[in-house]
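Asker: fold the stuff below for me.
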Amino acid sequence: MTDAPPRSLTDRKRDTLGRLESDVDVWVATADPASGAAYLTPLSFLWDGSDLLLSTPASSPTGRNLHASGRARLGLGLTRDVVLIDATVAEVRETAHIDAALGDAFAQKTGFDPRKEAGRYLYFRVRPDRVQAWREADELAGRDLMRSGQWLSPPA
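Answerer: Numbers count the residues shown, from 1 in each chain. So this is what the prediction gives:
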């Protein structure tokens, strides 16, 4: 447990945006729409200021689930400094149809270029619907930073 006082909503948003800019990987939880079977895997991502860009093989459980259900829950950080994002798939692109600059930015940030992989990879643009952030139990109250795709605090 930390001795630091709980962060304000504005501070939590600033810290969350900082993580989205600087972190490279995120835990991605999806579920098979037919069976409900859950699947959790780490994926690299690129944050563009409003959406996260993910890439995974089209045939992987995550790729199939994202494509079929259009929903995911993403987790950034440690258990005592977590950001949870409920998101909707806004766009799916084949590697051959991704904008070159966007593909280059993804590869530069993540150190991984799906366009160079032998298998069929897809890019998924996922849009946050709800964002929560907290460090300890004293930050559970007010952990919502975004609801229905709208930030609850002024821009940081």
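Asker: rest of the way, CA atoms for contacts and neighbours
Answerer: OK.
Asker: check the secondary structure at residue 73 for me.
Answerer: Here residue 73 is strand, with the state taken from DSSP: H, G, I helix; E, B strand; the rest coil.
Asker: likewise for residue 12?
Answerer: helix.
Asker: what's the local residue count around residue 38?
Answerer: 13 (other CA atoms under 10 Å).
Asker: ok, and the closest non-adjacent residue to it?
Answerer: Leaving aside its sequence neighbours, residue 38 sits nearest to residue 31 (CA to CA, 6 or more residues apart in numbering; 4.3 Å).
Asker: surely that neighbour meets residue 64?
Answerer: No - when contacts are counted by CA atoms under 8 Å, residue 31 is not listed as touching residue 64 (9.4 Å).
Asker: quick one: which of these two has more around it?
Answerer: Each of residue 31 and residue 64 has its neighbours counted (other CA under 10 Å); residue 31 has more, 22 against 18.
Asker: ok, now which ones touch the more buried one?
Answerer: By CA atoms under 8 Å, 6 or more residues apart in numbering, residue 31 lies in contact with 37, 38, 39, 65, 69, 72.
Asker: surely the third one is in a helix?
Answerer: Spelled out, it's residue 39. No - under three-state DSSP, residue 39 falls outside any helix and is assigned strand.
Asker: what bridges to it?
Answerer: Here residue 39 sits in beta bridges with residue 30, as judged by DSSP bridges.
Asker: could I get stretch 100-120 in CSV with only the CA atoms?
Answerer: What follows is stretch 100-120, C-alpha atoms only, in CSV (Å, rounded to 0.1, in the frame of the first residue of the first chain):
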residue,chain,number,x,y,z
ALA,A,100,1.5,3.1,-44.9
ALA,A,101,2.2,5.9,-42.4
LEU,A,102,0.0,4.2,-39.8
GLY,A,103,1.6,0.8,-40.3
ASP,A,104,5.0,2.4,-40.1
ALA,A,105,4.0,4.2,-36.8
PHE,A,106,2.8,0.9,-35.3
ALA,A,107,6.0,-0.9,-36.3
GLN,A,108,8.2,1.9,-35.0
LYS,A,109,6.4,2.0,-31.6
THR,A,110,6.0,-1.7,-31.0
GLY,A,111,9.1,-3.1,-32.7
PHE,A,112,6.7,-5.5,-34.6
ASP,A,113,5.5,-5.1,-38.2
PRO,A,114,2.5,-7.4,-39.0
ARG,A,115,2.9,-6.5,-42.7
LYS,A,116,6.1,-8.6,-42.8
GLU,A,117,4.6,-11.7,-41.2
ALA,A,118,4.0,-14.8,-43.3
GLY,A,119,0.5,-15.5,-41.9
ARG,A,120,-2.6,-13.4,-42.3
